[in-house]
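Asks: okay, sequence plus prediction incoming.
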Amino acid sequence: MSRLSQRALAGLALLFNLPFALFQLQRTAFDTYTHIFFADHYRHAWFSLWEPRWYLGFSVASYPPLVHQLIALLSWPLEAVIRYFAPGGEAYAGAFVGLSEEAAFALLLLAVLALLPLAVRAFAGVFVGPRAAALAGLFAVAVPAVSLAAWSFGQLPTLFATTTVLFALSRGAAWARTGRRLFLAQAVLLAGVAGAAHHGVFLFVPFAGAAVAWQLVAVARAWPERRVRAARLALWAALSAAGVALVLWPFLVWSRGQALQTAIEHASRDNLFASGVAAWYFFWPVYGPLLLVLPSALIVAWRGRGRRRLPLAALIVVLFVLGFGGTTPLPAALFGGSWVWLTYDRFALWAAVCLLPVAGAVALRLWRQRRRGWVLGLFGALLAWSALAGWHATLSRSQPAAIDMAPLVNFLNAPAQQPYRYFTFGFGDQMARLSALTANGTPDGDYHTAREMPELRASGLGALDGAVWHSQGVSTLRPFVEQPQRYGVRWAFVAHPAYRPLLEAAGWQFRWLEGTVEAWEFPGASPLPLAAPTWATGPAALWWGSVPLSVLALALAALVAQRRRPALTRAWWLSALTRMRPAAWLTAVGLLLFWWYHLYWQGSAPKVYFLYQGIVVFASDLAAAAALALWLLELRLRRGRPRLGPRAVLLAGLALVAFSALSLLFSGGPQAGAALVLHLLLLVGWYLLCINAAPSAVTLGRVMGALLLLQVIVVAGQAVAQQN
């Protein structure tokens, strides 16, 4: 079992989860479109903390950005692919963008689910032997709680952060055992990545970190070794906390002074023995066959050699009890008055994941006792139960029927409707999808933590859209629908009949019916323009748009460094730089040519200038600067001097840079002028780069060939579209 490779585990997980993606189950999951909405924000305003489309505006610093930024980045090339395979045109403006964001969400989710068994295996190795850890990783391929969280709840950031934390804990344990500084760097960087993915995972970290520390100190053979491990653990904890705080400082600034809102109903806080709904969603589909393993797993943990598995057993018990929500007094005892604001399905997820190492140990014992049918039966039962958990939201019809967004998007995107906001009633989480496809705003929203409107914070409602499913019913909406002019609302789109009497009583007028959606208008409504605050594009926005991805890149580099341990000689560095420079060159050229695609396909020059406000051009500048820096570093190591080329050309370029720099003294837009000067300096550097270290003819031929092929594909696709 210990020979089960990482590739095999990742491949099995991918094979198991791929059908869910092919059936597009993420569309019926609860939180999918909320995360797509955040990703859409970064597509359009990467370096801005202000999102105007919900709650009359809110700060996106209220939610760690990494997962949403990765979705946004993936959506750009996916949009090009979708446009090529669907050349007949869009049903509505932004349709291809919406499809690319959904596809990016599904691809990132599949990648996380493929890595989760590897993370479970690494985490299990802290507590059990390599063979039991391998079995734990195998069980993680189809643990029901993960399928439920992924394909029914749409909790991609939680799964991303949990996977990262499990890796971080295993790297931290390796640092405590060996004292190797690379392991410490990996653990700290991975902690920063987890924080940049989801802040809620740090409800899990204290319990899991305490169990890891207890395990490492308890199994040490002598007091000096225990003391050394304790000191290393303290250093690791301190550096990780500092790293997370540094990465998330805009979030910490935002959260300072935030008061708790009136609690919103959530079934995970109910008594599981008294509420059938709570048990149906947050108990049976979470554990399934793992409940059969729980008693024997805890017995094995207690009776293990020297009770070495006791820390893991304690961790499982605490998380398992917390997963019961309001069934026990433990949440109130641990979290005080704020316990009514937390949701407890995440604790059940973590309990199920932490149960896997001990379940692996139990399965290994059965395997050695030649009771292999029991092990295979358990794995088969997990596969079946996990499949049902992934389909749980769809089978339970937890969301309203799919709504055709095309008429609504086309209507709201009309210039005459752009200044007005709208309500949606009865859309469920599809209201976030509509928000992502339009530029209009709504006083409502689907991320309740971020809202600042006092009437919403005190309402006890989640989304206004879902008031019909609230215990007090649609009557709770009366203050909002009777005075929509306070929010600049003119339109209400209704997908549930229970809202009609309320709108009629408040003076709304029915206008038209499109499919299952009614459109109601409030006569006399006027726009309510709101300006973005000045801090929205300040230093915090620049930090939020660059540091999380940078920390992820550093963490990946640290993990790759572990696989290769060459002698870091001067010759090795020269060889590495020589290999890296062409890749940086190709990346820069490819990103810079992205404008051509948008200009040619869209057929309008403003797209060029629009991209210069987006992440593509910033990424291309970064890639170009990286290629130049790699060449300069290589030149420095070789102790050589660059060839300057024709002196007249170089002097002309430097004169242009100097003239542009002097013009800043008289410029009305110094920021744009400074950016121009920096770009000109970058061009001068690239001029020298091309003279001294130009790509080979083979590389240039491949690039030009790829560009010609792209041109042929685009022209052919456009011709087919015109014929259709």
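Replies: Nice, thanks for sending it over. Numbering: from 1, shown residues only.
Asks: which secondary element of this protein has the worst mean pLDDT?
Replies: Sorting the helices and strands of the chain by mean pLDDT, DSSP states H and E puts helix 606-611 at the bottom, at a mean of 41.
Asks: next secondary structure after that one?
Replies: Counting by DSSP states H and E, the element after helix 606-611 in chain order, helix or strand, is helix 615-638.
Asks: neighbouring contacts of that next one?
Replies: Contacts to helix 615-638, defined as CB atoms under 8 Å, 6 or more residues apart in numbering, come from residues 42, 46-47, 72-73, 76, 545, 570, 573-574, 577-578, 580-581, 584-585, 587-588, 591-592, 594-595, 611, 641-642, 679, 682, 685-686, 689, 692-693. Using the backbone N, CA and C atoms, a C-beta is placed for each residue, glycine as well.
Asks: for the helix or strand just after it, packing partners?
Replies: Following helix 615-638 in sequence order, the next helix or strand is helix 647-663 (DSSP H and E). Where contact means 3 or more CB pairs under 8 Å, 6 or more residues apart in numbering; DSSP states H and E, helix 647-663 is packed against helix 670-693.
Asks: for the helix it packs on, buried residues please.
Replies: Using 16 or more other CB atoms under 10 Å as the test for burial, helix 670-693 gives 673, 676, 677, 680, 681, 684, 685, 686, 688, 689, 692, 693.
Asks: do you have the strands of the stretch 151-300 of the chain handy? List them.
Replies: Secondary structure of the stretch 151-300 of the chain, counting by DSSP state E, counting those that start in this stretch: no strands present.
Asks: where does residue 559 fall, secondary structure wise?
Replies: Element membership of residue 559, judged by DSSP H and E, is helix 539-563.
Asks: quick one, the next helix or strand after that helix and helix 615-638 angle?
Replies: Downstream of helix 539-563, the next assigned helix or strand under DSSP H and E is helix 570-592. Put simply, helix 570-592 runs at 160 degrees to helix 615-638, going by axes from the mean of the first three to the mean of the last three CA atoms, to 10 degrees.
Asks: hey, where'd the strands end up in the stretch 1-150 of the chain?
Replies: Counting by DSSP E, counting those that start in this stretch, the stretch 1-150 of the chain has these strands, from start to end: 50-51, 58-59.
Asks: average pLDDT for stretch 525-532?
Replies: What stretch 525-532 shows for mean pLDDT is 90.
Asks: please save the CA atoms from it in PDB.
Replies: C-alpha atoms of stretch 525-532 as PDB (Å, rounded to 0.1, in the frame of the first residue of the first chain):
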ATOM      1  CA  ALA A 525     -37.800  55.500  -9.300                       C
ATOM      2  CA  SER A 526     -34.600  57.500  -9.800                       C
ATOM      3  CA  PRO A 527     -31.000  56.500 -10.000                       C
ATOM      4  CA  LEU A 528     -28.800  56.600  -6.900                       C
ATOM      5  CA  PRO A 529     -25.200  57.100  -8.000                       C
ATOM      6  CA  LEU A 530     -22.500  56.200  -5.500                       C
ATOM      7  CA  ALA A 531     -18.800  57.000  -5.900                       C
ATOM      8  CA  ALA A 532     -16.100  54.400  -5.000                       C
END
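Asks: nearest residue to residue 533 other than its sequence neighbours?
Replies: Closest residue in space to residue 533, ignoring its immediate chain neighbours: residue 50 at 6.4 Å, by CB to CB, 6 or more residues apart in numbering.
Asks: which residues are in contact with that neighbour?
Replies: Taking CB under 8 Å, 6+ apart, we find residue 50 in contact with 57, 58, 59, 60, 532, 533, 536, 537.
Asks: where does the stretch 551-700 of the chain have low pLDDT?
Replies: The model of the stretch 551-700 of the chain has pLDDT under 70 over residues 563-568, 572, 590-618, 669, 699-700.
Asks: if we go to 90?
Replies: In the predicted model, the stretch 551-700 of the chain carries pLDDT under 90 at residues 557-700.
Asks: then the stretch 201-350 of the chain?
Replies: For the stretch 201-350 of the chain, the stretches with pLDDT under 90 are 218-223, 257-260, 273, 275-276, 292-310, 313, 337.
Asks: that one: helices as residue ranges?
Replies: Remark: helices assigned in the stretch 201-350 of the chain by DSSP state H, counting those that start in this stretch are 205-218, 223-247, 249-255, 276-282, 284-287, 290-303, 310-322, 330-335, 345-368.
Asks: so for residue 22, which of the ones you listed sits nearest?
Replies: helix 284-287 (21.1 Å; CB to CB).
Asks: which of the strands of the stretch 1-150 of the chain sits most buried?
Replies: strand 50-51 (a mean of 24; mean count of other CB atoms under 10 Å).
Asks: longest helix in the protein, please.
Replies: The longest helix of the chain (DSSP state H) is helix 95-124.
Asks: what average pLDDT does that helix get?
Replies: On average, the pLDDT along helix 95-124 is 95.
Asks: what angle sits between it and helix 345-368?
Replies: Using the same axes, to 10 degrees, one finds that helix 95-124 and helix 345-368 are set 50 degrees apart in direction.
Asks: surely residue 27 touches residue 102?
Replies: Yes - between residue 27 and residue 102 there is a contact under CB atoms under 8 Å: 7.2 Å.
Asks: returning to that earlier point: may I see the buried residues of helix 670-693 organised as JSON lines, with distance to residue 516 added?
Replies: JSON lines is the format used below for the buried residues of helix 670-693 (distance: CB to CB, whole Å):
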{"residue": "673", "distance to residue 516": "54"}
{"residue": "676", "distance to residue 516": "52"}
{"residue": "677", "distance to residue 516": "56"}
{"residue": "680", "distance to residue 516": "56"}
{"residue": "681", "distance to residue 516": "58"}
{"residue": "684", "distance to residue 516": "60"}
{"residue": "685", "distance to residue 516": "58"}
{"residue": "686", "distance to residue 516": "56"}
{"residue": "688", "distance to residue 516": "63"}
{"residue": "689", "distance to residue 516": "59"}
{"residue": "692", "distance to residue 516": "65"}
{"residue": "693", "distance to residue 516": "62"}
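Asks: what about the helix holding residue 559, distance to the chain center?
Replies: Mean-position distance between helix 539-563 and its chain equals 14 Å (CA atoms, centre = their mean, to the nearest Å).
Asks: stretch 230-237 too?
Replies: Computed by CA atoms, centre = their mean, the chain-centroid distance of stretch 230-237 equals 29 Å.
Asks: in that stretch, which residues are buried?
Replies: In terms of neighbour count (16+ other CB under 10 Å), stretch 230-237 has its buried residues at 232, 233, 236, 237.
Asks: also stretch 75-85?
Replies: By 16+ other CB under 10 Å, the buried positions in stretch 75-85 come out as 75, 76, 78, 79, 80, 82, 83.
Asks: same deal with stretch 391-402?
Replies: Buried, per 16+ other CB under 10 Å, within stretch 391-402: 391, 392, 393, 394, 398, 399, 400.
Asks: still on that earlier bit, and the strands of the stretch 1-150 of the chain as JSON lines, adding distance to residue 486 and mean pLDDT?
Replies: Listed next are those as JSON lines, based on distance: least, CB to CB, whole Å; pLDDT from 0 to 100:
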{"stretch": "strand 50-51", "distance to residue 486": "20", "mean pLDDT": "97"}
{"stretch": "strand 58-59", "distance to residue 486": "17", "mean pLDDT": "97"}
